[in-house]
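from the sequence below, what's the structure:
(4 chains)
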There are 4 protein chains.
Amino acid sequence: MSNLELGRSTGWLSREELDFAREKLPILYVDAVPVRVDDRGAVTTVGVLLRLGEDGSVCRELVSGRVLHHERVRDALLRHIEKDLGPMALPRVPASPQPFTVAEYFPMPGITAFTDDRQHAVSLAYVVPVTGTCDPRQDALELTWMTPEEAATDAVSAEMEGGRGGLLRMALASVGALR
Amino acid sequence: MSNLELGRSTGWLSREELDFAREKLPILYVDAVPVRVDDRGAVTTVGVLLRLGEDGSVCRELVSGRVLHHERVRDALLRHIEKDLGPMALPRVPASPQPFTVAEYFPMPGITAFTDDRQHAVSLAYVVPVTGTCDPRQDALELTWMTPEEAATDAVSAEMEGGRGGLLRMALASVGALR
Amino acid sequence: MSNLELGRSTGWLSREELDFAREKLPILYVDAVPVRVDDRGAVTTVGVLLRLGEDGSVCRELVSGRVLHHERVRDALLRHIEKDLGPMALPRVPASPQPFTVAEYFPMPGITAFTDDRQHAVSLAYVVPVTGTCDPRQDALELTWMTPEEAATDAVSAEMEGGRGGLLRMALASVGALR
Amino acid sequence: MSNLELGRSTGWLSREELDFAREKLPILYVDAVPVRVDDRGAVTTVGVLLRLGEDGSVCRELVSGRVLHHERVRDALLRHIEKDLGPMALPRVPASPQPFTVAEYFPMPGITAFTDDRQHAVSLAYVVPVTGTCDPRQDALELTWMTPEEAATDAVSAEMEGGRGGLLRMALASVGALR
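As a prediction, the model looks like this:
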């Protein structure tokens, strides 16, 4: 979740309240893997964010963020896609609410393949075709479109934190684009 | 599969050859449930064909047909949607090749929920959003757009043959639209 | 999850803290539909709890409950199945973390098909074969094994609250047992 | 399926008939990835066959084979697992008929990620936990149990033909075991 979103939700769930919740409950997230599809629906390229980390490092990320109180999962997906890819991305959220996987992030490694220093987060992960123009905003530096082959490489995985490289590969697998 | 399609594939797999294959092998099919979605991807209405049966009766059907030799499943879906809904339906075949279910049609009842007098068919079933204008062709009389609630009623199921009413309900379930 | 951790987590979240969280965040749940399968894996019967409601009414329920802080989804499923069906149910939690659907419960009707007076809950729903002896405990009065046909009837749905009858039908659909 | 029916079906389709069908129709297959799971259902190891190829080479394979006329997909899975892993493997075929993917094998490369010199085959792919003793038979030399990490390596993929290394990775992804 970006700093801006944290700031925005402050008026509604203060930083202290969120910190409290993070010590008490699993926090519900969504992860979205934006893709381009051809006219038969097959995935041609995958969008990965190149983002400036909190410590100044550069890392690759998926579109991701919290599901808010009284917010539908679909709306959370659309909100985070707009936040990260801009208002003209024209995403097509799948008709089915079934995620391709459920990623469980724990603060400590070894429980699952996913870690998150800040919290125990449970994320519903979706592949979302986008058909418009993506214009990364906020602290995201760039959106890189890669072939599925490139996105699945160890080099890309090494630039993703908390096991998200594996999540990206699972996304590719779910659309039959992993080799 | 409509009579016309049977006729059309005759040039390529004769009626005798198809009859032979039907006695020897399971025949691969696709079933497609066309839907309209709102701008969040949620299903609002479902398209069901009202078709003249071979015996003159009127019955409701899904978009359905055979996968041809050397044809991709995606292409079979697009071909049958165009055949039944016309060239301006603008379908969005899902990125994932995973069907919401596999429907096994047997000539004799009681093995599965699905029957087909002509053959042992195994069908990959998909929900396919369509965004354009549907113009049913061939022997289809009409495309009826129904709410998910209406499509799931016993009255609609009673007008569908071979257990396809159950398949329609499973399609609704897969998109979270069954109550 | 060990009993120790279970104790620790429940100790961590008092009734007041849970009430607070319910006003601020979606709460993560699991729903489990226990089934009996034959030796080919096909579902033969479905287990539905007959439970005494808070107001003294009798209603039917699925196995359901919250995912605790630092608890895996698998462990939450096993814990709630043991809580509701006893320690000898011998559940087989599916290998895949992908739920058959995500049920979003809102306090107000009309947003989704699911409601929950107490909270905004987002539930990962799974079909779980059980192979042992089920011995309902706590406030559950009885576990009823039904055929899929019976479980899908309007009569059964009418005895389930918050749209859970629809969730049960979606579970049946996901295993190809809805007609 | 009984041995009787198996005998009858294989008798029905001679080598010539199968060759004929392969030139006319897509042939329906199943692929099964046998796994061991822990008592929470999480995959711990994956079984891969080490098999002598037709040209004398050694290669790794999945459990795989044709769906016969009038055979259910579940029965085809059980038959091929028994054929390759022996009668004491004690497989647990999933309750859901939904495959984790549909693998389309074409004789020519470049259409999908999968190739098969002999035919156009469309395969329904499942992950199947086995709980008994596996005793590979026929031309299979050995069943190797690997960790998910090992099974996903390029070294293992390089020993699998026709893109099946990618299918194995997709299987791992579907159970959340790909990194």
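
every contact and neighbour count from this point should use C-alpha atoms.
OK.

what's the lengthiest helix in chain A packed up against?
The helix that spans the most residues within chain A, counting by DSSP state H, is helix A:73-85. Using 3 or more Cα pairs under 8 Å, 6 or more residues apart in numbering or on different chains; DSSP states H and E, the elements in contact with helix A:73-85 are strand A:27-37, strand A:63-66.

which positions in it come out as buried?
Across helix A:73-85, burial judged by 16 or more other Cα atoms under 10 Å in any protein chain shown covers A:73-74, A:76-85.

check stretch A:32-40 too.
Residues of stretch A:32-40 classed as buried: A:32-37 (neighbour count, 16+ other Cα under 10 Å).

cool, and stretch A:107-117?
A:107, A:113-116.

ok and the longest helix of chain A relative to strand A:27-37, angle-wise?
In terms of direction (axes from the mean of the first three to the mean of the last three Cα atoms, to 10 degrees), helix A:73-85 departs from strand A:27-37 by 70 degrees.

which other residues reach the helix or strand following helix A:73-85?
Downstream of helix A:73-85, the first helix or strand assigned by DSSP states H and E is strand A:101-106. Under the criterion Cα atoms under 8 Å, 6 or more residues apart in numbering or on different chains, residues A:112-117, A:119-126, A:162, A:167, A:170, C:70, C:72, C:97-99, D:174, D:176 lie in contact with strand A:101-106.

buried subset of these as a ChimeraX selection?
Buried residues among these (16+ other Cα under 10 Å), as a ChimeraX selection:
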select /A:113,114,115,116,119,120,121,122,123,124,125,126,162,167,170 /C:70,72,97,98,99 /D:174,176
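
which ones among the contacts of strand A:101-106 are found in strands?
Judged by DSSP state E, the contacts of strand A:101-106 include A:114-115, A:121-126 as members of strands.

any idea how far the residue found closest to A:Ala177 once you drop the neighbours it is linked to in the chain lies from D:Arg74?
By the measure of Cα to Cα, 6 or more residues apart in numbering or on different chains, the closest residue to A:Ala177 outside its immediate chain neighbours is A:Pro148, 6.1 Å from it. Distance, A:Pro148 to D:Arg74, by Cα to Cα, to the nearest Å: 32 Å.

same thing with A:Leu178?
Distance, A:Leu178 to D:Arg74, by Cα to Cα: 26 Å.

just A:Ile27 next, same as before
When A:Ile27 is compared with D:Arg74 (using Cα to Cα), they lie 38 Å apart.

any stretches of chain A with poor pLDDT?
A:1-12, A:53-54, A:138-140 (pLDDT under 70).

how about the residues of it by chain D?
A:100-101, A:113, A:163, A:165-167, A:169-170, A:173-174, A:176-179 (Cα under 8 Å from any Cα of the partner chain).

at 6 Å instead, please
Within chain A, the positions near chain D by Cα under 6 Å from any Cα of the partner chain are A:166, A:170, A:173, A:179.

so what's the third one closest to, chain neighbours aside?
Among residues not flanking A:Ala173 along the chain, D:Met170 sits closest, at 4.9 Å (Cα to Cα, 6+ apart).

my read is that that neighbour contacts A:Leu172, right?
No. Assessed by Cα atoms under 6 Å, D:Met170 is found out of contact with A:Leu172, at 8.5 Å.

check the buried residues of stretch A:107-117 one by one and keep those near chain C.
Counting by Cα under 6 Å from any Cα, nothing from the buried residues of stretch A:107-117 sits close to chain C.

now render the residues you listed as TSV, adding distance to C:Gly41.
Converted to TSV, the buried residues of stretch A:107-117 look like this (distance: Cα to Cα, whole Å):
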residue	distance to C:Gly41
A:Pro107	37
A:Ala113	29
A:Phe114	31
A:Thr115	34
A:Asp116	37
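
closest one to B:Leu13 out of the residues you listed, please.
A:Ala113 (49.7 Å; Cα to Cα).

can you tell me which residues contact that closest one?
A:Gly163 (Cα atoms under 6 Å, 6 or more residues apart in numbering or on different chains).

please repeat the previous calculation with a cut-off of 8 Å.
Per Cα under 8 Å, 6+ apart, neighbours of A:Ala113: A:104-105, A:162-163, A:166, D:177, D:179.

please apply the same query to A:His80.
A:63-65.

only whichever of these are buried, select them in PyMOL.
Here is the PyMOL command that selects the buried residues among the contacts of A:His80 (16+ other Cα under 10 Å):
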select buried, chain A and resi 63+64+65
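
tabulate the contacts of A:His80 (TSV), appending distance to C:Arg92.
Putting the contacts of A:His80 into TSV (distance: Cα to Cα, whole Å) gives the following:
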residue	distance to C:Arg92
A:Val63	33
A:Ser64	31
A:Gly65	32
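
near chain B, from the contacts of A:His80?
Among the contacts of A:His80, not one lies near chain B by Cα under 8 Å from any Cα.

how far is stretch A:172-179 from where the chain is centred?
Centroid displacement of stretch A:172-179 relative to its chain, using Cα atoms, centre = their mean, to the nearest Å, is 17 Å.

my bad, should have said stretch A:143-151
For stretch A:143-151, the distance to the chain centre is 15 Å (Cα atoms, centre = their mean).

which other residues reach that stretch?
So stretch A:143-151 is contacted by A:44-50, A:85, A:134-136, A:156-157, A:168-169, A:172, A:177-179 (Cα under 8 Å, 6+ apart).
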